[in-house]
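Engineer: Attaching a predicted model along with its sequence, questions to come.
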Amino acid sequence: MAADLSHLKDELNPEQYQAVMTTEGPILIIAGAGSGKTRVITYRIAHMLDAGIPQSQILALTFTNKAAREMETRVKELTGRKLQNLTIATFHAFGVKILRQDIERLGWRTNFSIYDETDRNALIKETGRELQFTADALDVYKIGILFSDIKTGRKNWTAASDMYRQLYEGYQQGLRLYNAVDFDDLITLPIRLFREHPDVLARYKDRYRYLMVDEFQDTSHQQYELMRALAGQNVAVVGDDDQSIYSWRGADYQNIINFEHDFPGMKEIRLEQNYRSTETILAAANGVISHNTNRKDKTLWSGNGGGKPIEIYMPENETAEAQFITESIRSICLQEKRKYDDFCILMRTNTQSRPLEEQFLQENIPYVMSGGTSFFQRKEIKDIISYLRVIANHDDDVNLLRIINTPRRGIGRTTIERLNETARTLDVPLWEAITAVISADESESGISESTRDDLRSFVTFIENNRTMLSGKGLAKKVRALVEEIRYFDWLIAENPKSEKAARFKYLNVESLINSMDTWENNPDTKDANLYAYLNRITLLSRDDLDDGEEKGKVNLMTIHAAKGLEFPVVFIAGAEEGIVPHARAVEEGGNAAVEEERRLFYVAITRARDKLFISACRHRRRLRDVIACEGSRFLDEIPASLVAYHEPPQAVDAKAAQDILAAMRKSFTKPIVPGFGRKG
DNA sequence: GTGTTTACTTTTTTT
DNA sequence: AAGTAAACAC
């Protein structure tokens, strides 16, 4: 089916239409929540293709893989074309693409490893130990953040941080030696590449004539630099300062101001009509966000009619909260004939998901938790991936150390220390030290012959698996590897108390292998080799794996993960002081941080189309003990006329809890609070 | 030299 | 509850 865009004018409002038709020159689209942003972007691309602009000239940058994928499918649907040459990617994925092509010019080899936070911290720890840092001074978590700030120019060295300068140098050298780059490098190295090698930049500028950046309010200075380096005149950026929620990762919505300066003649288009939410929900959102001082003034309006009041409930604890949510979902499903995937539960932190997931399992309600502790952060997954990384890049010390004795193969602490010394004196990666030690005539290394045998078989094992680098059947080979190292036995041994846990972990490994299989058999996968797989994998999160699986399931996610999405019925769980706004944000960042938390809450509210429930527990379990909680300050910022409160349950013992539950069940056929269920 | 036990802290949000 | 580091046992 060919594109039929002749009715564009009827399908879009005047501002949207203008945004779609303005393909030449710089434009800034300020798109309020629910104002049809995705629609505008996809129509805009479709229109450009329709106007004869080749796919290869268009580059669209997003923040999440999910957004990129969604954009691609929508354009595909709209145009009915195959999109082989259209580039829609996240900033980081695009960075990888650039580096895969030309990183050799910067001194790395093309089979470089990408280090995530865990890997980065491991490398910092390792380097710190070599430099004799005391355990006290070596808070790798904090140092990792510091290094990221330094690398991206967010911070300079200060008297306080100066003691880590040498460590930073060591860290950087480590990356170079192990042929690895970290997440920040995925943006900063392309910038450097473009600066130092104008011919490379020219190639990209020549190719990409039309640039588009989504969620522009969340671009960092580095990402903005990258964009600016590539941009000619035809740049469209789309954003909303009220939805800027990534400042802790370097996002700065001042880039919107910078854009006005750097691209003179820029056209600004504002999308202020909300098509998503009821007037009630929108009024609540506006009421909250209006408390922020530092923002572009906006008047979002909705033509969608009143809607139901926003329901606020204060359950006794998180179990009661989870029960309230599942009960509500059940009855709304029945009453309004909704499907499970119409519901979304939003949380501030990942840890909030546990009691909810338990309740869902118990009640047999299917759910998907997107994001969360990323699938790829799981130990069992990282173990297997580490094997693959070492196979792809022997010099990757961080991953080598991870697997060299996992499962146990008799290579213990002292051996590793010895190898480290050898590596340090020769100034080579561990792998080379190992090969040197095992091929030496006598055991001058101080490593026993039997241990050297263990090392030899390890090296042989890795070498034998290099067949993965080419040819077909990657998943099959990985499965064989997992069997050969007897990973399941290891999991059982490591989880002596719970075979269930071991089994669960093994299932995760299984689903990793399955996803490899689908990936390599997907016709859209261009080169199904190990390198391509590894480059891709580090940038993915859980929900990028099981595509299509989320149909018919209740959605659970953090507010951050929900950006850009919408659901008919939304629950915001844990709307308590200390959670939103998060205690850490309040104590560390002062007012600016509270404003960001408020934006976060605003994003949460504006995900809802028809119905919004907010719950705040009176007590919550934290660490060991139970603490008393207060409702979030943001709750008071919702105009009272829009809210219906649930009657709080009085008792906590089991019997009373049953009664409350029974009352709650009834409450959906007959409101226990006057006004609930009626139009406000 | 290696593997197991025990004491101890802890990380908000994600590419 | 889970991951880490140091102490302890083999």
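Structural biologist: Here it is on my side, so go on. Numbers count the residues shown, from 1 in each chain, chains lettered A, B, ... in the order given.
Engineer: going forward, measure contacts between C-alpha atoms and count neighbours the same way
Structural biologist: Fine.
Engineer: Correct me if wrong: A:Gln57 contacts A:Tyr208.
Structural biologist: Yes: between A:Gln57 and A:Tyr208 there is a contact under Cα atoms under 8 Å: 4.3 Å.
Engineer: Pull the number of nearby residues for A:Gln243.
Structural biologist: Residues lying near A:Gln243 (other Cα atoms under 10 Å) number 27.
Engineer: what's near enough to touch it?
Structural biologist: Contacts for A:Gln243 (Cα atoms under 8 Å, 6 or more residues apart in numbering) come out as A:33, A:217, A:599-600, A:602-603.
Engineer: 6 Å instead, please
Structural biologist: A:Arg599 (Cα atoms under 6 Å, 6 or more residues apart in numbering).
Engineer: got it, and A:Asn156?
Structural biologist: A:Ile150.
Engineer: Quickly note the distance from it to DNA strand C.
Structural biologist: According to Cα to the nearest atom of the strand, to the nearest Å, A:Asn156 stands 27 Å off from DNA strand C.
Engineer: Got the phi and psi for the closest residue to DNA strand C within the stretch 301-450 of chain A?
Structural biologist: Across the stretch 301-450 of chain A, no residue is closer to DNA strand C than A:Lys379, which sits at 6.3 Å (Cα to the nearest atom of the strand). As for A:Lys379, its main-chain torsions (degrees, to the nearest 10) stand at phi -60, psi -50.
Engineer: From DNA strand B, how far out is it?
Structural biologist: A:Lys379 is 11 Å from DNA strand B, by Cα to the nearest atom of the strand.
Engineer: and what of A:Thr188?
Structural biologist: Taking Cα to the nearest atom of the strand, one finds A:Thr188 at 12 Å from DNA strand B.
Engineer: Helix, strand, or coil at that residue?
Structural biologist: Following DSSP: H, G, I helix; E, B strand; the rest coil, the label given to A:Thr188 is helix.
Engineer: what does A:Glu311 give?
Structural biologist: strand.
Engineer: For it, grab the count of nearby residues.
Structural biologist: A:Glu311 has 18 nearby residues by other Cα under 10 Å.
Engineer: That one reaches A:Ala644, doesn't it?
Structural biologist: Yes: counting by Cα atoms under 6 Å, A:Ala644 is a contact partner of A:Glu311 at 4.9 Å.
Engineer: which residues in the stretch 201-350 of chain A form helices?
Structural biologist: Along the stretch 201-350 of chain A, counting by DSSP state H, counting those that start in this stretch, helices occupy A:221-230, A:255-262, A:279-289, A:318-336.
Engineer: Look up how far A:Tyr178 lies from the residue of the stretch 301-450 of chain A closest to DNA strand C.
Structural biologist: If you measure A:Lys379 against A:Tyr178 using Cα to Cα, to the nearest Å, the figure is 21 Å.
Engineer: where does chain A have low pLDDT?
Structural biologist: For chain A, the stretches with pLDDT under 70 are A:1-4, A:371-373, A:441-444, A:541-550, A:647-680.
Engineer: and it, which residues reach DNA strand C?
Structural biologist: Residues of chain A found near DNA strand C (Cα under 7 Å from any atom of the strand) are A:135, A:378-379, A:623-624.
Engineer: With neighbour count and secondary structure added, can I get these in TSV?
Structural biologist: Formatted as TSV, those follow (neighbours: other Cα atoms under 10 Å; DSSP: H, G, I helix; E, B strand; the rest coil):
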residue	neighbour count	secondary structure
A:Ala135	11	helix
A:Arg378	13	coil
A:Lys379	11	helix
A:Leu623	7	coil
A:Arg624	6	coil
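Engineer: Longest strand of chain A, counting residues only.
Structural biologist: strand A:608-615 (DSSP state E).
Engineer: Buried residues in the next helix or strand after that strand, which are they?
Structural biologist: Using DSSP states H and E, the helix or strand that follows strand A:608-615 in sequence is strand A:619-622. For strand A:619-622, a neighbour-count test (16 or more other Cα atoms under 10 Å) marks A:619-620 as buried.
Engineer: all strands for the stretch 301-450 of chain A, in order.
Structural biologist: Secondary structure of the stretch 301-450 of chain A (DSSP state E, counting those that start in this stretch): strands located at A:301-302, A:310-313, A:343-347, A:367-369.
Engineer: by contact count, what packs against the first one?
Structural biologist: This points to strand A:301-302. strand A:273-274 (3 or more Cα pairs under 6 Å, 6 or more residues apart in numbering; DSSP states H and E).
Engineer: How about the third one?
Structural biologist: In terms of contacts (3+ Cα pairs under 6 Å, 6+ apart), strand A:343-347 is packed against strand A:554-558, strand A:567-572.
Engineer: Out of these, which gets nearest to A:Ala616?
Structural biologist: Judged by Cα to Cα, the one of the helices and strands packed on strand A:343-347 that comes nearest to A:Ala616 is strand A:567-572, at 8.7 Å.
Engineer: With DNA strand B in mind, check whether the closest one reaches it.
Structural biologist: No: Strand A:567-572 is not in contact with DNA strand B by Cα under 7 Å from any atom of the strand; minimum separation 14.3 Å.
Engineer: what's the answer for stretch A:619-629, then?
Structural biologist: Yes: residues of stretch A:619-629 contacting DNA strand B under Cα under 7 Å from any atom of the strand: A:Leu623.
Engineer: Quote the end-to-end distance of that stretch.
Structural biologist: 5 Å.
Engineer: now what about it, what contacts it?
Structural biologist: A:316-317, A:618.
Engineer: change it to 10 Å
Structural biologist: A:314-319, A:574-579, A:616-618, A:630 (Cα atoms under 10 Å, 6 or more residues apart in numbering).
Engineer: Out of the residues you listed, which is nearest to DNA strand B?
Structural biologist: Closest to DNA strand B, out of all of those and judged by Cα to the nearest atom of the strand, is A:Ile579, at 7.7 Å.
Engineer: for the closest residue to that closest one other than its chain neighbours, what are its contacts?
Structural biologist: Among residues not flanking A:Ile579 along the chain, A:Arg348 sits closest, at 6.5 Å (Cα to Cα, 6 or more residues apart in numbering). Counting by Cα under 10 Å, 6+ apart, A:Arg348 touches A:557-561, A:572-576, A:579-582, A:597, A:600-601, A:604.
Engineer: what about 7 Å?
Structural biologist: Taking Cα atoms under 7 Å, 6 or more residues apart in numbering as the contact definition, A:Arg348 lies against A:558-559, A:579-580.
Engineer: Generate TSV for those residues, with neighbour count as supplementary columns.
Structural biologist: Shown next, in TSV, are the contacts of A:Arg348 (neighbours: other Cα atoms under 10 Å):
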residue	neighbour count
A:Thr558	23
A:Ile559	22
A:Ile579	21
A:Val580	24
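Engineer: Quick check: of these, which lies closest to DNA strand B?
Structural biologist: Nearest member of these to DNA strand B, counting by Cα to the nearest atom of the strand, is A:Thr558, at 5.1 Å.
Engineer: Enumerate every residue touching the residue nearest to the closest one when sequence neighbours are not counted.
Structural biologist: The shortest distance from A:Thr558 to any non-neighbouring residue, by Cα to Cα, 6+ apart, is to A:Met347 (4.6 Å). A:Met347 makes contact with A:557-559, A:572-574, according to Cα under 7 Å, 6+ apart.
Engineer: Equivalent analysis for A:Asp636, please.
Structural biologist: A:Asp636 neighbours (Cα under 7 Å, 6+ apart): none.
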